[in-house]
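**Q** the following block contains a protein sequence and its predicted model.
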Amino acid sequence: MDKNKTRIKEIYDRASLLCADAGMLLIVIVCVLTVRHAVGRYFFSAPFTGNIDITCLAIIAAIFLCIIYAVNQDAHVSVGLFVDMAPKKAQTAVYMIVSVFVLVFFVTASIETFVNIPSVGIGETTALKIPKYPFYYIIAIGFLLSCAGAAIDIYRKLKEDAGIRAAAVVFAAAAAVCIGVMLVRPFDGWGRNGDAFLTGIAGIIIFAVLMFLKLPVAIAMSVGGFFTLGVLMGWDVSFNVIASAPFASLYSYTWSTVPMFVLMGYLAKNTQLAEDFYLGLRRWIGHLPGGMLHGVIIGNAAFGACSGDSIGAAVTFSSITLPETRKYRYDDALTLGCIAGGSVLSCVIPPSMPFIIYGATTQNSVGQMFIAGIIPGILLVLFYMALISVISHMRPEAAPRSEKCPRKECLKATPAMLYLVVVFLVIIGGIYAGIFSPTEAGAFGVTAIVVIGLIRRKLTLKGFILSCRESAATLGMIGLLLAGSGIFQRMIVVTGVTTRLSGFLTNNIASPAAFLLLTGLIMLILGCFIDALPLLIITAPILYPISQTLGIDPIQFGVFMTLVVMCGTLTPPVGITVYALAGQVKDVPMSRIFRGVMPFIAVLAAFTLLIAFVPWLTTALVGLMFAS
């Protein structure tokens, strides 16, 4: 029997990997078609007809294929701080309850999508008149195969854990409750005559409780939204939302930017673009006080031109930098603090994943967000470098000088540094000049890195496949978050939470600056427990309408929110970027890394306040671009 179960697991692993490969093949095809479309439109006045239709539908299919792989890789975003501190038996019990929620969600989402396709899948694309309903079937199949992965994971956990009997009892009880709710459907429309706002707040509380019990954030959002809508409007409406929201959330040309830049970041990492840039920069400025740390900051800014992921930047630069800094006896805490603090630049220097998420969630221009990040990104680089100079002056033993490299070696290393500059110019120069959209910029960025990798012989077929599979896990995680957020946002709108909060804050807060300070405080606290992307997905739909009521510039607010949530990724008790570094550098205690990052947090917090009170730092370049 166990051999049969092992065989089933092997088959599912292969199937999920095949789904990931198929999904990324669709992404690559979309990249090629997008480049063809942009080149044809700009140079030959011959755009590819229906490119947007094909892109939007292909991205939906690709992301749901990647979700299957992400679930099998356990690439969920979850908040386990309190659960992880509990005794082992309690952790096992919570895991079983959470597993039931995951399993029931995927079963429900799959069944309801299949059942409701005749009513929700009506419609065609604008240009090519492609029917939309077949893609609802792809979503349903994606949920169904994810359900199989969740069931296999439960079985594996039950077999491995010593407390299998107690866990099985908890599992059975939780399953019975969930099935009972599904069949009996109590409180159907119970809240119709009540206060919709209070019902919405109850839904947010349900979501928060489930999230802090380590239920994946995407599913916690879905469950909270689902039950709130069911109580308020009836289960038929709630089930219909589960069927329609995932497609509606992802069917947007703006979201197609995400896969392009995710793939571009992994390709940049696996073709050693960041490593070559840093090593070249180290030859030029490594002999200066704190020179290697200045290189980390500038290197992160350059890597941000093709990444947009702070954790990826932190992990990449820890592997590149530490061998060099340890060779010259730099203080590990300072080095790792610099790496963690500098990683924020990957999410400020465009292209930035938080900017994409904010722009798409709030219906603001992603291209404008990219342009808005240039001046703040450059200023933050200068702020960090000033901090390093001060620390190097006050504690020269923490950042000693290295020997000066001969000019011939510096010049020899320079060409390899220029590749990242080329990628940045292709992306931002193309957007600024109006040659292509952010999605087209991402496609050109992927193309540029592939060409550079082939020319330098740093990109092999194995490296390309690895980049695609790493991208698939990330895209599956983001896709599931977006699907869950669609259900959650529907609940927020129906219950009028943002409208009531907006009215309350408008009447009780004296100025936009006070609202920004309050927002910063709330986001900083939440950022201690929740990663940047899910936090933006959760909070942007709530806070953005309020900011507009108070007259805050939407671009400024997006940059401000990004800086605040990135600050949260560095701060205790969680500090997800610090945790990622601690996992890479096991011989340095996490407490030392937190101590090293504190000066960078202080600078980042001060800089965030500067952005809050000096709006033109984010809006000037955007205004100049669109004025021209």
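**A** Structure received. Residues are numbered from 1 along each chain as shown.
**Q** contacting residues around stretch 242-254?
**A** Outside of stretch 242-254, the residues within contact range by Cβ atoms under 8 Å, 6 or more residues apart in numbering are 52, 55-57, 59-60, 63-64, 108-109, 112-113, 115-117, 120-121, 132, 135-136, 139, 222, 226, 356, 359-360, 366, 438-439, 479, 482-483, 485-487, 489-490. C-beta here means a position set from N, CA and C on the backbone, and glycine is covered the same way.
**Q** so which elements touch the helix ranked longest in the chain?
**A** If you go by DSSP state H, the chain has its longest helix at helix 2-44. Packing partners of helix 2-44 (3 or more Cβ pairs under 8 Å, 6 or more residues apart in numbering; DSSP states H and E): helix 51-72, helix 133-160, helix 257-270, helix 438-455, helix 461-495.
**Q** tell me which strands and helices the shortest one is in contact with?
**A** Applying 3+ Cβ pairs under 8 Å, 6+ apart, one finds that helix 257-270 contacts helix 2-44, helix 51-72, helix 310-327, helix 353-362, helix 438-455, helix 461-495.
**Q** check the longest one too.
**A** Taking 3+ Cβ pairs under 8 Å, 6+ apart as contact, the helices and strands that helix 461-495 lies on are helix 2-44, helix 51-72, helix 196-212, helix 217-233, helix 235-250, helix 257-270, helix 532-549.
**Q** show me what counts as buried in stretch 64-74.
**A** By neighbour count on 16 or more other Cβ atoms under 10 Å, the buried set for stretch 64-74 is 64-73.
**Q** and for stretch 7-17?
**A** Under the neighbour-count criterion of 16+ other Cβ under 10 Å, stretch 7-17 has 9, 12, 15-17 buried.
**Q** looking at these, spot the one nearest I388.
**A** If you rank the buried residues of stretch 7-17 by distance to I388 using Cβ to Cβ, L17 comes first, at 43.2 Å.
**Q** the closest one against I68, yeah?
**A** No: in this structure, L17 is not within contact of I68 by Cβ atoms under 8 Å, at 9.5 Å.
**Q** still on that earlier bit, hey, least reliable of the helices and strands packed on helix 257-270 by pLDDT?
**A** Per-stretch mean pLDDT for those is lowest at helix 310-327 (a mean of 80).
**Q** okay, the angle between that helix and helix 461-495?
**A** 130 degrees (axes from the mean of the first three to the mean of the last three Cα atoms, to 10 degrees).
**Q** how about helix 310-327: buried residues?
**A** Residues 310-318, 320-322, 324-325 are the ones in helix 310-327 that count as buried (16+ other Cβ under 10 Å).
**Q** tell me the helices and strands packed up against the helix or strand following it.
**A** For helix 310-327, the succeeding helix or strand toward the C-terminus, using DSSP states H and E, is helix 332-343. Under the contact criterion of 3+ Cβ pairs under 8 Å, 6+ apart, helix 332-343 touches helix 291-303, helix 310-327, helix 374-394, helix 576-584, helix 590-613.
**Q** quickly, which of those helices bottoms out on average pLDDT?
**A** Confidence, taken as mean pLDDT, is least for helix 576-584 of the helices and strands packed on helix 332-343 (a mean of 77).
**Q** which residue, other than its chain neighbours, is closest to the residue most central in space within the chain?
**A** Taking Cα atoms, centre = their mean as the criterion, L533 is the residue nearest the geometric centre of the chain, at 4.0 Å. Nearest residue to L533 in three dimensions, chain neighbours excluded: I357, at 5.8 Å (Cβ to Cβ, 6 or more residues apart in numbering).
**Q** mind listing what that neighbour touches?
**A** I357 makes contacts with 258, 533, 536-537, 540, as judged by Cβ under 8 Å, 6+ apart.
**Q** same deal with G225?
**A** Contacts of G225 by Cβ under 8 Å, 6+ apart are 203, 207, 241, 484, 487-492.
**Q** ok, which pair from the residues you listed is furthest apart?
**A** Spatial extent of the contacts of G225 (Cβ to Cβ) is set by the pair F207 and V241 at 14.8 Å.
**Q** report the separation between L466 and L418.
**A** Counting by Cβ to Cβ, to the nearest Å, the gap from L466 to L418 is 25 Å.
**Q** ok, now V258?
**A** 27 Å.
**Q** which of these two has more neighbours?
**A** For V258 versus L418, neighbours defined as other Cβ atoms under 10 Å are more numerous around V258 (27 against 14).
**Q** thought M477 was touching the more buried one, still the case?
**A** No: under the criterion of Cβ under 8 Å, V258 is not in contact with M477, lying 11.1 Å apart.
**Q** could you report the neighbour count for A514?
**A** Here the number of neighbours of A514 (other Cβ under 10 Å) works out to 13.
**Q** what sits up against the helix or strand hosting it?
**A** A514 is part of helix 512-527, with elements assigned from DSSP H and E. Contacts with helix 512-527, where a contact means Cβ under 8 Å, 6+ apart, come from 505, 509, 535, 539, 543, 546-547, 550-552, 557, 560-561, 564-569, 571, 608-609, 612-613.
**Q** what is the rounded mean pLDDT of it?
**A** Taken as a whole, helix 512-527 has an average pLDDT of 84.
**Q** same check on stretch 543-560?
**A** Here the average pLDDT along stretch 543-560 is 90.
**Q** which other residues reach that stretch?
**A** Under Cβ under 8 Å, 6+ apart, the answer for stretch 543-560 is 348, 355, 358-359, 361-362, 364, 368-369, 372-373, 376, 498-499, 501-502, 505-506, 509, 512, 515-516, 519-520, 561, 608, 611-612, 615, 618-619, 622.
**Q** now list the buried members of the residues you listed.
**A** Applying 16+ other Cβ under 10 Å to the contacts of stretch 543-560 flags 348, 355, 358-359, 361-362, 364, 368-369, 372-373, 376, 498-499, 501-502, 505, 509, 512, 515-516, 519-520, 561, 608, 611-612, 615, 618-619, 622 as buried.
**Q** got the contact list for V423?
**A** Residues near V423 by Cβ under 8 Å, 6+ apart: 268, 273, 305-306, 445, 448-449, 452.
**Q** buried sites along stretch 242-255?
**A** Neighbour count says stretch 242-255 has 242-247, 249-251, 253-255 buried, by 16+ other Cβ under 10 Å.
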